[in-house]
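S.K.: here's my sequence, what's the structure:
(one chain, ligands or ions: 1)
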Amino acid sequence: MTNDLPIGVFDSGVGGLTVAKEIMLRLPKESLLYFGDTARVPYGNKSEETVIAYSRQIARFLCSHSVKAIVIACNTASAFALDTLSAELPVPVIGVVKPGAKAAAAITKTGNIGVIATSGTIRSGLYGRYLRSISPDVHVFGQACPLFVPLVEEGLQNDPVTRTMAERYLTPLLSKGVDTLVLGCTHYPLLTEVIGEVAGPDVTLVNPAYETAKELASMLAGRGLLKTSDTPSAHRFFVSDGEEQFRRFANSILPCELEEADVNRKVFS
Ligand code: DGL
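M.R.: Below you'll find the model as predicted:
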């Protein structure tokens, strides 16, 4: 029965686990099939062509395991590959950029919205395009924050060096008077505390991972694809390298225990 099939979720590595976590919390009955492309991370500094090629390989792998929908849990891959995958795949595909943009457009009062993300996502201009398609009058200010991903992966969320970088990255946006800030990269919700402190109480942070889980729930409900049986959820994780490191990271953020992830490089062929 299609409803009981898992939801495919993929990312360039561990970052998409922030999205997987929100999906698990919102849709606890659903099962996830997660692929983290840990051998080829980061995607954030790669070309559009490369990111589309990688995303296509992974999406096909997930479809070969019979998933009922695919969530592109990576902002960079969502920015570059959503249209391609939506056109090519036999199942519904959602990315994290549109839900994040929709929430930011609804929240802003001044119309000045900041977007922080990888260089690739900022270069794509997609957050700005979605935001302006929803509210033509908004002003969108983008800032690439390339050091945030390695800082999170090194476990330096609460380190002074991360605060210094947050100040450096956010100052230009704050000087534009943004009242809403989109955390447009999978890793940034893990920096909510420091980013929130630096941005101050007048700036609302938007977490696209949270918004995507909400959007996924309503998309599945709308298409009659929510899980109907009472069998417990069973998640499966694949990585293309570094299983142990992935598992450690996963167990520090997921609401369930991950005992093992399968290493799979067949997707590359
Ligand atoms: N997952 C990526 C994103 O959300 C961040 C890590 C990377 O650069 O691959 O854009």
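S.K.: what pairs with T204 across the strands?
M.R.: T180 (DSSP bridges).
S.K.: which helix or strand contains the residue of the chain found nearest the ligand?
M.R.: The ligand sits closest to G44 of the chain, with a gap of 2.7 Å, by Cβ to the nearest ligand atom. C-beta coordinates here come from the backbone N, C-alpha and C atoms, glycine included. When elements are assigned from DSSP states H and E, G44 belongs to no helix and no strand.
S.K.: for it, what are its contacts?
M.R.: 12, 76, 117-121, 146, 149, 185 (Cβ atoms under 8 Å, 6 or more residues apart in numbering).
S.K.: got a markdown table for those, with neighbour count and distance to A213 too?
M.R.: Below are those laid out as a markdown table (neighbours: other Cβ atoms under 10 Å; distance: Cβ to Cβ, whole Å):
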| residue | neighbour count | distance to A213 |
| --- | --- | --- |
| S12 | 30 | 19 |
| T76 | 33 | 19 |
| A117 | 30 | 19 |
| T118 | 29 | 21 |
| S119 | 16 | 26 |
| G120 | 25 | 23 |
| T121 | 28 | 19 |
| P146 | 17 | 26 |
| V149 | 22 | 21 |
| C185 | 30 | 17 |
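S.K.: filtering those residues by proximity to the ligand, which remain?
M.R.: The residues of those that also fall near the ligand, by Cβ under 6 Å from any ligand atom, are 12, 76, 118, 121, 149, 185.
S.K.: for the fifth one, which three-state class applies?
M.R.: For V149, the secondary structure call by DSSP: H, G, I helix; E, B strand; the rest coil comes out as helix.
S.K.: I figured it hits H187, correct?
M.R.: Yes. Judged on Cβ atoms under 8 Å, V149 makes contact with H187 at a distance of 5.0 Å.
S.K.: what sits in contact with each of the two?
M.R.: Going by Cβ under 8 Å, 6+ apart, residues that sit against V149 and also against H187 are G15.
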